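S.K.: A predicted structure for the sequence below; I have some questions about it.
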Amino acid sequence: MGKNFKNRISVPMIFIIALIAVNAKGQFSLTGQLRTRTEYRNGLGTLQLKTNDPAFFTSQRSRLTFNYKTSRVIFQTSLQDIRVWGQDASTISAADGSKLGVHEAWAEIALADKKDSSFKRSSVDYFAVKIGRQELLYDDSRLLGNLDWLQQARRHDAIVFKLLHKGWLTDLGLAFNQNTDAFNYNGTFYTPANVMPYVKDSRGNLAITPPGFIPLSNTAGWSSKTGTPALQAMPSTNGLYQDYKAMQYLYLAKTFNKTKITGLILADHFGKYVNDSVKHIAGTDTGYIYGRRFNQKGVNSRVTTGILLNSFLDKKKAFALTAGFYYQAGRDRDAQKMSAYTSTLSLSYTKNKFSYTAGWDYVSGNNTFSSSSTNHRFDPLYGTPHKFWGGMDYFYVGTGSPTGGLSNPFAKIRYVSTTKRFTAALDYHYFSLAKNQKDLSGSAIEKYLGSEFDLVTNYALNKITTLEYGFSVMAASKSMEYAKNIIPNTSKLTGTWSYLMISIKPAFLFK
């Protein structure tokens, strides 16, 4: 039913809905976004192999956001189309299907509001329930963020209870994921990924992906030394390869004078699996598909908790302090016991058009010389790593994270013009391992991984159009190859990345 509905969405239908809403009582807005980003990649996310050439392409996000607000209900839907220029032929077949996707579709129902006289009795300042597909965006997006840098961004299917009373903000969020509502589907087993319909077996033959099965990333690979499949996948975090089965979180926030303190307790639960193989016969050739089968009862539960403090240290708010600490326990996705943490500390100073920031982020990892069976690699949940650990996205995104964790002292400079039409930012990151990691001979590698410089400029062409240019350089050490699971001496230790992005955000209707 969902696919058929998406196929029926049309521009005339959108404007009919808009006109109906305009005539109804309440505030209505229809806004859009067209964001194109042209990139030159020569070592983005990971070191570029010496045998590889740079990449160049343009990606695009097209988004329409509808918002309707009354005193009792807020309703919002956001439709978006994400693509790379040339990804589709200039004339496509009807069999290619719909290219639209729903980024957001939620409603917030007010149950109590002291500011609204239509509520006869309200014992709290504000209480509401927000239900549907929505962005979860808290604090600085370190652990829960919309990851807006990615064209597809991030959202969750969840219900959130929102309470505001006497300056205290309390949010309780709940989510439970499932693959299908088919009549013949039994139990609550969950395959936690968008699995491609086809996969290659161990002999390189194309095969249909088995149901409830996530093939390992390089199942077509084969080790000539051991005669076994090369199934080692790149280690990663930040919700990359396995979505949660269920999630609950409690968020608290309170501002005292010039200091805001927030707390978070989040539990995410992951479906259990078994390693499995499926025989695949292609003509006279027999191969195997290796992967994880998610048909086991129970979940692996992980709990993350911590606090974040933001405070102005003087009356003029020139000096600002940020400090935070989060601890992670329970079981990770692979049922391994966890004991991990992350911390952040920074001090900012703003004067006239400039601001200066110095700080240090620490993300715990595993000491590969230790025989401990406990996982000490902190997972930064569902945040926005691009914002904290370098614009080139070497860490805690889809490109993997170091087994030994990360230590990241950093320095940042910001400039804002008098008219605020032009801004510029220059960041420096010093990356090193938090814990020791072995090389191929079993010796400890140097902890220093590399330094990154990020330059970003923004210019407002007009009220709805912004032009952004960025240029980044990664100067890596040989240790980066081990941290990124790259064969030593096969990659370029200097990486560069540049992009030009245009963002157009028109407001079509507002009432």
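M.R.: Nice, I can see it.
S.K.: Tell me the helices and strands packed up against the strand or helix carrying Tyr290.
M.R.: If you go by DSSP states H and E, Tyr290 is part of strand 285-293. On a contact count with 3 or more CB pairs under 8 Å, 6 or more residues apart in numbering; DSSP states H and E, strand 285-293 meets strand 213-215, strand 274-282. In this view, the C-beta of every residue, glycine as well, is placed from N, C-alpha and C.
S.K.: partners of that strand, with directions?
M.R.: strand 213-215 (antiparallel), strand 274-282 (antiparallel) (DSSP bridges).
S.K.: which residues of the protein score low on pLDDT?
M.R.: 1-25, 89-100, 217-242, 510-511 (pLDDT under 70).
S.K.: give me that answer again for 50
M.R.: 1-9, 11-12, 218-235 (pLDDT under 50).
S.K.: For it, just list every one of the helices.
M.R.: Under the criterion DSSP state H, the chain contains helices at 2-8, 11-23, 479-483.
S.K.: Strands of the stretch 151-300 of the chain, start to end?
M.R.: Applying DSSP state E, counting those that start in this stretch to the stretch 151-300 of the chain gives strands spanning 156-165, 168-176, 198-200, 206-208, 213-215, 246-256, 259-271, 274-282, 285-293, 299-312.
S.K.: Of all those strands, which one is nearest Tyr40?
M.R.: strand 198-200 (30.7 Å; CB to CB).
S.K.: which secondary structure elements does that closest one contact?
M.R.: Taking 3+ CB pairs under 8 Å, 6+ apart as the contact cut, strand 198-200 packs with strand 206-208.
S.K.: Go ahead and flag the most central residue of this protein.
M.R.: The centre of the chain sits closest to Leu147, judged by CA atoms, centre = their mean, with a distance of 4.6 Å.
S.K.: Spatially nearest residue to that one, not counting backbone neighbours?
M.R.: In space, and not counting its chain neighbours, Leu147 is closest to Arg154: 3.9 Å by CB to CB, 6 or more residues apart in numbering.
S.K.: Next: Lys387.
M.R.: Using CB to CB, 6+ apart, the nearest residue to Lys387 is Ser141, at 6.0 Å.
S.K.: next one: Gln60
M.R.: Thr36 (4.8 Å).
S.K.: so the one you found makes contact with Ile502?
M.R.: Yes - the pair Thr36 / Ile502 is scored as a contact, 5.4 Å apart, by CB atoms under 8 Å.
S.K.: Next one: Gly390 relative to Ala128, how far apart?
M.R.: Using CB to CB, to the nearest Å, Gly390 is found at 37 Å from Ala128.
S.K.: More neighbours: which of these two?
M.R.: Neighbour count, other CB atoms under 10 Å: between Gly390 and Ala128, Gly390 has more, with 23 against 19.
S.K.: do you know how far the more buried one is from Ala329?
M.R.: 28 Å.
S.K.: swap in Thr350?
M.R.: Counting by CB to CB, the gap from Thr350 to Ala329 is 37 Å.
S.K.: ok so, going back, so which of the strands of the stretch 151-300 of the chain gets nearest Asp113?
M.R.: Nearest of the strands of the stretch 151-300 of the chain (CB to CB): strand 156-165, 9.4 Å.
S.K.: Show me what that closest one is packed against.
M.R.: Partner elements for strand 156-165 (3+ CB pairs under 8 Å, 6+ apart): strand 126-134, strand 168-176.
S.K.: Serialize those strands to CSV and add fields for distance to Pro192.
M.R.: Putting those into CSV (distance: least, CB to CB, whole Å) gives the following:
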stretch, distance to Pro192
strand 126-134, 17
strand 168-176, 12
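S.K.: out of those strands, deepest packed?
M.R.: A comparison of these by mean neighbour count, using mean count of other CB atoms under 10 Å, puts strand 126-134 on top with a mean of 18.
S.K.: Name every strand pairing with that one and say which way it goes.
M.R.: strand 101-113 (antiparallel), strand 156-165 (antiparallel).
S.K.: Can I get those in JSON lines including distance to Asn275 and mean neighbour count?
M.R.: Output for these, formatted as JSON lines (distance: least, CB to CB, whole Å; neighbours: other CB atoms under 10 Å):
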{"stretch": "strand 101-113", "distance to Asn275": "32", "mean neighbour count": "17"}
{"stretch": "strand 156-165", "distance to Asn275": "29", "mean neighbour count": "17"}
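S.K.: Of the helices and strands packed on strand 285-293, flag the one that's most buried.
M.R.: strand 213-215 (a mean of 21).
S.K.: Kindly reformat the strands of the stretch 151-300 of the chain as a markdown table containing distance to Asn186.
M.R.: Shown next, in a markdown table, are these (distance: least, CB to CB, whole Å):
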| stretch | distance to Asn186 |
| --- | --- |
| strand 156-165 | 22 |
| strand 168-176 | 17 |
| strand 198-200 | 25 |
| strand 206-208 | 22 |
| strand 213-215 | 17 |
| strand 246-256 | 18 |
| strand 259-271 | 15 |
| strand 274-282 | 18 |
| strand 285-293 | 16 |
| strand 299-312 | 17 |
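S.K.: closest to Thr399 out of those strands?
M.R.: Of those, nearest to Thr399 by CB to CB is strand 213-215, at 19.2 Å.
S.K.: Of the helices and strands packed on strand 156-165, give the one that comes closest to Arg421.
M.R.: strand 126-134 (32.0 Å).
S.K.: Contacts for that closest one next, please.
M.R.: Outside strand 126-134, the residues within contact range by CB atoms under 8 Å, 6 or more residues apart in numbering are 102-115, 155-165.
S.K.: which parts of the strand holding Tyr290 are buried?
M.R.: Gly287, Tyr288, Ile289, Tyr290, Gly291, Arg292, Arg293 (16 or more other CB atoms under 10 Å).
S.K.: so the third one makes contact with Pro211?
M.R.: This points to Ile289. No - contact criterion CB under 8 Å: Ile289 and Pro211 do not qualify, at 11.9 Å.
S.K.: If we ignore the residues flanking it in sequence, what's nearest Thr350?
M.R.: In space, Thr350 is closest to Ala318, 5.4 Å off (CB to CB, 6+ apart).
S.K.: Oops, could you answer that again for Asp116 instead?
M.R.: The shortest distance from Asp116 to any non-neighbouring residue, by CB to CB, 6+ apart, is to Ser71 (4.9 Å).
S.K.: Likewise for Phe422?
M.R.: Tyr459 (5.1 Å).
S.K.: Please list all residues in contact with that neighbour.
M.R.: Arg421, Phe422, Thr466, Leu467, Glu468.
S.K.: Next, find the distance separating it from Thr465.
M.R.: 9 Å.
S.K.: Overlap in contacts, the two.
M.R.: Joint contacts of Tyr459 and Thr465 (CB under 8 Å, 6+ apart) do not exist.
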